[in-house]
Each structure stands twice: as structure tokens, then as C-alpha cells.
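Enquirer: No sequence on hand, only this structure:
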């Protein structure tokens, strides 16, 4: 199966530590493993199997990961809403077990809930596709664009140029021309070019373009840049890539509850199952007989106040 990465859209707007391209790959791989539980134990060789290229040994990858561990253990988030100020670390623990060749990773509870809460939307993509992107700027832009893969229009940063530069980690001393030549144009070229992935030649984002938004009241030639928009051809329905399952026999599929939640189970005010967390799972709340439909009440999963107050949701209220 192609390994998929899925997380809440909130993660796209978090201030990230400065990471190398390979460290970005590792962080995304960790996110894919945290889908069901905030504490996971990973086989070292399995973890590095997709990440390592021909010139990198497992020992070299392990040294890279140890360097990354210092960054992510010190990775903390701070943000303020109209009524509260929040601050928390993102990861609690990393344990290397040299006897079993495993790595145990534990995410902090608030961070875990943030990245696995999909009620305001989620971003998902193929891990290998992300790994095959070479530039760290292109990797970050890729994640931002994938959030809008079904619309092909990204206007979120129309009046938020500084926020875009912060997320992309564009050096503050770069002039507009330098940003175009060294960052935006190379990103567009890499993310819109055809590539061979899974024996299938395709573009990641077809017809990808961008437009800078300038202050209409600004002075000087062209005016000050206050935002940016991106446009590309929306993705075709490729939902078959995102369903994770195992065939028990020719007539029975075992589907992960994580994928099942919004894909197969219908809503009802009289449900017979409910979602539980840590780890995420579906449990019966009344007897289910043969032939009964499995039903869930999505109204039992209200949004947390912290999500309603999150400043990154303000754009949802704007027309």
C-alpha cells in the first residue's frame, strides 16, 4: 500500500523549527505514524526504508534523526486568541532502543489533539510524493497547496504576505525580485513539472501559477506586496489512494476506524457506535445484529473552544 500522510489543516500554519529537506521528510513520516495514537514505537529500518537514498546508510540516517530529535523536543507552539494565550511543547519523549532497533515517539497531548482533529478540514498526500520533492521551500508550499487540492484556488494569503513569508521561512532580507527568482519560480517549476511516481507520469499540480497582491493605495511603482494567491487545476477524485484496508478473505475487508470515520459510516441521531480516542477507534454502544447498518452521531463530536478561538480560523469568517 502507498503510505499516506493526513493531519489537521492547523498544522500547515504552525511556526515550524528550521529544518533541512531530509528532516522535513522525517517529520512528515512521524506524522503519518501518529494517526491513531500519540505514542508510537517504530522499527528503525522500516522508518528509514522510504527516506533513505542510495548514498545514505542506515547509520547516517540515524545520525540525521538524532539531530532532528533535538529540534523537535524543543519545538513549542505559542499563540494568542481574543481571550487566552496558549503555549505547549509538541513532543514529550524520544527513546532509542538499540537492542530492539526501535524508536519510541510520544507527542504532547495538546499537539496530538490539534493535528488529529479533522473537523475543520485536513490535508492529505502521498508520503513518497513529498519525499521526492527536493527543495525545502517547495516541500512547504506543497503542503499548503495540498490543503486546497480539490478547489485549485488558494486565496488564504491574499492579505497576509507576512504570514506567508513566516510559514515559508523566507529570509527577511530578500527583496521581492529575489523571492521570485530564488524561491517562488523554482517552487512552481518543481511542483508543476511532470515526474514518474509509482510508474505513472503525472504533474503534482497542473498549470500551477501565482499572483502577488499589491496594496492599491500604495505609492511607488507597482505598490507594496500585501499578499499572494495560487492557482492550479483541481485534482481528480483519487479517493482510492486514501483508503487503508486489509483483505481478511475474498468477501471481508478490515478497514481502519481512522479512515472509516468519514468514509463509510452514516450519521444518525440514534447511533449504535461512537468514536473513542487514544487510540482512535469505534466502539459499539448498543447491540448490532446481522444486517444492521452501522451508524454514528457526528453531533456528539463538538468543536473545542480553543479551535473556535484559534486566530487561524478567522479566514473562514471572511467573504
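Expert: Structure's in. What do you need? Predicted model only: the values in this text are computed from it and were never measured. Numbering: from 1, shown residues only.

Enquirer: Could you use CA atoms for every contact and neighbour count after this?
Expert: Noted.

Enquirer: give me the low-pLDDT residue ranges for the stretch 51-200 of the chain?
Expert: Applying pLDDT under 70 to the stretch 51-200 of the chain flags residues 81-82, 195-200.

Enquirer: Could I get the full set of strands for it?
Expert: Secondary structure of the stretch 51-200 of the chain, counting by DSSP state E, counting those that start in this stretch: strands at 76-80, 85-89, 91-97, 102-107, 122-126, 153-154, 194-197, 200-203.

Enquirer: Name the residues of the first one that are buried.
Expert: Taking 16 or more other CA atoms under 10 Å as the neighbour-count basis, strand 76-80 is seen to contain the buried residues residue 76.

Enquirer: And it, what does it pack against?
Expert: Using 3 or more CA pairs under 8 Å, 6 or more residues apart in numbering; DSSP states H and E as the contact test, the elements touching strand 76-80 are strand 85-89.

Enquirer: Turn the strands of the stretch 51-200 of the chain into CSV, columns for distance to residue 224.
Expert: CSV is the format used below for those (distance: least, CA to CA, whole Å):
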stretch, distance to residue 224
strand 76-80, 27
strand 85-89, 32
strand 91-97, 39
strand 102-107, 41
strand 122-126, 31
strand 153-154, 20
strand 194-197, 34
strand 200-203, 33
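
Enquirer: closest to residue 6 out of those strands?
Expert: strand 122-126 (4.3 Å; CA to CA).

Enquirer: The closest one: partners in the sheet, and parallel or antiparallel?
Expert: strand 4-8 (antiparallel) (DSSP bridges).

Enquirer: right, and the helix or strand after the strand it pairs with?
Expert: Per DSSP states H and E, the first helix or strand lying C-terminal to strand 4-8 is helix 21-33.

Enquirer: what's the spatially closest residue to residue 151 that is not a sequence neighbour in contact with, if anything?
Expert: Counting by CA to CA, 6 or more residues apart in numbering, residue 151 lies nearest to residue 234, which is 5.3 Å off, once chain neighbours are set aside. Applying CA atoms under 8 Å, 6 or more residues apart in numbering, we find residue 234 in contact with 149, 150, 151, 152, 205, 206.

Enquirer: Now with 7 Å, please.
Expert: Each residue near residue 234 by CA atoms under 7 Å, 6 or more residues apart in numbering is listed here: 149, 150, 151, 152.

Enquirer: Need the pLDDT of it.
Expert: In this model, residue 234 is scored at 91, pLDDT.

Enquirer: Is it correct that it falls within a strand?
Expert: No. Assessed with DSSP: H, G, I helix; E, B strand; the rest coil, residue 234 is coil; it does not lie in a strand.

Enquirer: Could you identify the longest helix within this structure?
Expert: Counting by DSSP state H, the longest helix found in the chain is helix 58-73.

Enquirer: quick one: the helices in this protein?
Expert: Secondary structure of the chain by DSSP H: the helices cover 21-33, 44-49, 58-73, 109-116, 127-131, 136-146, 161-168, 176-179, 185-192, 257-260, 305-309.

Enquirer: okay, these in TSV with mean neighbour count next?
Expert: Below are the helices of the chain laid out as TSV (neighbours: other CA atoms under 10 Å):
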stretch	mean neighbour count
helix 21-33	19
helix 44-49	15
helix 58-73	15
helix 109-116	18
helix 127-131	19
helix 136-146	21
helix 161-168	17
helix 176-179	12
helix 185-192	18
helix 257-260	17
helix 305-309	13
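
Enquirer: out of those, which comes closest to residue 85?
Expert: helix 305-309 (10.1 Å).

Enquirer: Show the average pLDDT along that closest one.
Expert: Averaging pLDDT along helix 305-309 yields 52.

Enquirer: go on, stretch 3-20?
Expert: Here the average pLDDT along stretch 3-20 is 88.

Enquirer: before we move on, the earlier item: export the helices of the chain as TSV, with columns for distance to residue 4.
Expert: Shown next, in TSV, are these (distance: least, CA to CA, whole Å):
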stretch	distance to residue 4
helix 21-33	7
helix 44-49	14
helix 58-73	21
helix 109-116	14
helix 127-131	6
helix 136-146	13
helix 161-168	23
helix 176-179	31
helix 185-192	18
helix 257-260	11
helix 305-309	25
